[in-house]
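Q: I'd like to go over a predicted model; first the sequence, then the structure.
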Amino acid sequence: MKRKNSYEIGEAVTYFLQENGLYSQYQLQQVFSQWNEIVGDAIDKATLGLSFQDGRLEIQVGSSVWYQELSYQRSEILTKVNTWLGENLVTEVSIVQHKSGIGR
């Protein structure tokens, strides 16, 4: 029998994170793990690394071709990420060409 104030485990974790001011950070970590779902296979495969600080999402790529392509898609990526998050946690997308081109 379900109690009146009982929660599913997912709801309980979400509630805890929200009450302790950690939910936004949790959501941003989910962006990293769900990157393929958010931006698609091609961009995911071209991405060498991701980082987030002070509203800025940094995307590392290994080639000048992908640097140029993602530079053109910056606003679209920003929209996709914030739409997936359900709020505007990301205010800027920065594309960085990784010097060695080594994968993530």
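A: Here it is on my side, so go on.

Q: which residues touch the residue most central in space within the chain?
A: What sits nearest the mean C-alpha location of the chain, by C-alpha atoms, centre = their mean, is Val31, with 2.7 Å. Contact analysis of Val31 by C-beta atoms under 8 Å, 6 or more residues apart in numbering lists Ile38, Leu50, Phe52, Leu57, Val81, Trp84, Leu85. No exception for glycine: its C-beta is placed from N, CA and C like everyone else's.

Q: Kindly report the same for Gln68.
A: Gln68 neighbours (C-beta under 8 Å, 6+ apart): none.

Q: Show the pLDDT at Gln25.
A: Per-residue pLDDT puts Gln25 at 72.

Q: What is the burial count for it?
A: Neighbour count of Gln25, defined by other C-beta atoms under 10 Å: 12.

Q: Give me the below-cutoff pLDDT ranges for the protein.
A: 1-7, 14, 17-18, 21-24, 26, 100-104 (pLDDT under 70).

Q: For it, just list every one of the strands.
A: 47-53, 56-61, 92-97 (DSSP state E).
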